[in-house]
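[1] Make a model of this:
(one chain, ligands or ions: 2)
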Amino acid sequence: MSKTENTAGLAGVTAGKTAICTVGKKGVGLTYRGYLIEDLAAKAEFEEVAYLMLYGELPTQSQLSDYKKRLAGMRGLPDGVKTALEVLPRDTHPMDVMRTGASVLGTIEQENDAEKQQNDVADRLLASFPSMLMYWYHFVESGKRIDVDTDDDKIGAHFLHLLHGEKPSEDAIKCMSTSLILYAEHEFNASTFTSRVITATLSDFYSAVTGAIGALRGPLHGGANEKAMELIQTFKDPDDAEAGLKKMLENKEKIMGFGHRVYKKEDPRNGIIKEWSKRLAGDDPYKQNLYAISERLEQVMLDEKGMFPNADFYHATAYHFLGIPTQLFTPIFVISRLTGWGAHIFEQRADNRLIRPNAEYVGPEVRDFRPIDQRGA
Ligand SMILES: CC(=O)SCCNC(=O)CCNC(=O)[C@H](O)C(C)(C)COP(=O)(O)OP(=O)(O)OC[C@H]1O[C@@H](n2cnc3c(N)ncnc32)[C@H](O)[C@@H]1OP(=O)(O)O
Ligand SMILES: O=C([O-])CC(=O)C(=O)O
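    Residues are numbered from 1 along each chain as shown. Ligands and ions are numbered 1, 2, ... in the order given. Here you go, the predicted structure:
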């Protein structure tokens, strides 16, 4: 048997220790620093969870209000970032905007002393990501150079306010906060692992984050929320969805928003965001139809494949019902996951060793080198 046969994609391999998160731990499920995701989603706001991730403990009331003020004061964009965003090609994917924005900020506000600066850099990226995304979005959409400051004290509200140009409803703010909590952290997922690999070479925080954004962009990871929305919108009603999905399964297509590397029965985040999707659909017939299509897809996947929706699936309709354009879905995931990436970057730095596994060689035996003029046509 090949040495790597049963570890393709590092499935089932324990690649290190972490004190940040458990994923699918028997009898426990998903926790952030020991707190159940169900409690955090129901009882905390995203900024509390961001603080928990980046400072190690839940904040007190005064720590939380100071933290929100601190983040609100870090939303502005340097001229160099604005200029870089303005020259991006019109058809740039917003995930590439996030990656480029992080990278350019890293050249202007460099991290030269990790120990002293890492929390400032993490907070700065967290606070300014919505500004970067919305500055670019309005510039591309209408040529407007928007003011990225608002009086909202919450990150989700700041984002929605900049997107729609008006204060979001209380429900919209709560949904965004819950969504950002659900997406904040997930142990050694592909983007976080990427950030740890980069960090382990003693590279800087911005490099780890730009690499992580690249990993999150793909449809097998964070990009699945956008693909799930595209899929849901191809169907006209639940019956059409059932027939269409069965055809896709016959063709052995992968259905985005379903399945998970670690969870085998359910993703505990799914029920929470599904509830929000249903609530936001309200009694609007257009939204109710999309919600019903999603539910039918869920049922057919369960019946036909025994598969369940992951965190990305109902995020699609929840975000859509908040009026968020599909291409902005995965960038919102970036804003949230920055907190998880940050926690892992700090943890890796605190006890670092280069991450460099072995490969099992399966290429040709050693062979003679023929000079170029003797290699034939
Ligand atoms: C927030 C997040 O990042 S959550 C993940 C988001 N990604 C997605 O939703 C993309 C769709 N899902 C998938 O591609 C996978 O389930 C992953 C990437 C999440 C997990 O991948 P892996 O653990 O490597 O599982 P793998 O891809 O090997 O799947 C095992 C089997 O289930 C099937 N399968 C897995 N996911 C799906 C799916 N979404 N639709 C249809 N079949 C699927 C595979 O085809 C494979 O079947 P086979 O054994 O007959 O070849
Ligand atoms: O853990 C994973 O592999 C993917 C995931 O759900 C996440 O990153 O939130």
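[2] Spell out which parts of the stretch 151-300 of the chain neighbour ligand 2.
    186, 189, 261, 262 (Cβ under 6 Å from any ligand atom). Placement of C-beta: from N, CA and C, glycine included.
[3] so how far is residue 25 from the last one?
    From residue 262 across to residue 25, the span is 10 Å (Cβ to Cβ, to the nearest Å).
[4] Compare the two (neighbour count), which wins?
    residue 262 (15 against 12; other Cβ atoms under 10 Å).
[5] Mind listing what's buried along stretch 57-68?
    58, 59, 64, 67, 68 (16 or more other Cβ atoms under 10 Å).
[6] Compute the first-to-last residue distance for stretch 84-95.
    Using Cα to Cα, to the nearest Å, one end of stretch 84-95 lies 15 Å from the other.
[7] which stretch of helix or strand covers the residue nearest to residue 117 when sequence neighbours are not counted?
    Nearest residue to residue 117, sequence neighbours excluded (Cβ to Cβ, 6 or more residues apart in numbering): residue 111, at 5.0 Å. Assessed by DSSP states H and E, residue 111 sits outside every helix and strand.
[8] Ok, residue 31 next?
    Assessed by DSSP H and E, residue 31 sits inside strand 29-32.
[9] Pull up the pairing partners for that strand, direction included.
    Sheet pairing here is set by DSSP bridges, and for strand 29-32 it gives strand 21-25 (antiparallel), strand 35-36 (antiparallel).
[10] Let me have these in a markdown table, extended by distance to residue 193.
    What follows is those, written out as a markdown table (distance: least, Cβ to Cβ, whole Å):
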| stretch | distance to residue 193 |
| --- | --- |
| strand 21-25 | 12 |
| strand 35-36 | 22 |
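[11] average pLDDT for stretch 105-116?
    Stretch 105-116 comes out with an average pLDDT of 97.
[12] Other residues contacting that stretch?
    Stretch 105-116 is contacted from outside by 78, 80-81, 117-118, 121, 124-125, 128, 132, 204-207, 210, 349, using Cβ atoms under 8 Å, 6 or more residues apart in numbering.
[13] Most tightly packed of the strands paired with strand 29-32?
    strand 21-25 (a mean of 18; mean count of other Cβ atoms under 10 Å).
[14] which residues touch it?
    Strand 21-25 is touched from outside by 28-33, 185-187, 262-264, 340, with contacts defined as Cβ under 8 Å, 6+ apart.
[15] Show the buried residues in these.
    Listed as buried from the contacts of strand 21-25 are 29, 30, 31, 32, 33, 185, 186, 187, 263, 340; burial here means 16+ other Cβ under 10 Å.
[16] circling back: which ones among the contacts of stretch 105-116 are found in strands?
    Counting by DSSP state E, these place none of their members in strands.
[17] Out of those, the closest to residue 90 would be?
    Nearest to residue 90 among these, counting by Cβ to Cβ, is residue 132 at 16.6 Å.
[18] residues near that closest one, how many?
    By the criterion of other Cβ under 10 Å, residue 132 has 27 neighbours.
[19] again, but for residue 244
    Neighbourhood size, residue 244 [other Cβ under 10 Å]: 17.
[20] next one: residue 235
    By other Cβ under 10 Å, the residues close to residue 235 number 20.
[21] and it, what element?
    Going by DSSP H and E, residue 235 is not in any helix or strand.
[22] Need the residues that contact stretch 216-223.
    If you take Cβ under 8 Å, 6+ apart as the criterion, stretch 216-223 is touched by 93, 95-96, 99, 189-191, 215, 226-227, 256, 312, 330, 333-334, 337.
[23] Contacts only, for the residue in the stretch 201-350 of the chain that ligand 1 sits nearest to.
    Using Cβ to the nearest ligand atom, the single residue of the stretch 201-350 of the chain nearest to ligand 1 is residue 259, 2.4 Å away. With contact taken as Cβ under 8 Å, 6+ apart, residue 259 is in contact with 307, 308, 310.
[24] And the buried ones among these, selectable in PyMOL?
    A single PyMOL command is used to select the members of those judged buried by 16+ other Cβ under 10 Å:
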select buried, resi 307+308+310
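[25] would CSV of the contacts of residue 259 with distance to residue 17 be doable?
    CSV is the format used below for these (distance: Cβ to Cβ, whole Å):
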residue, distance to residue 17
307, 30
308, 28
310, 25
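[26] Stretch 170-186 vs ligand 1: in contact?
    No. Applying Cβ under 6 Å from any ligand atom, one finds stretch 170-186 separated from ligand 1 by no less than 6.9 Å.
[27] re earlier: just the buried residues of stretch 57-68: which are in helices?
    Here DSSP state H is the test, and those give 64, 67, 68 as lying in helices.
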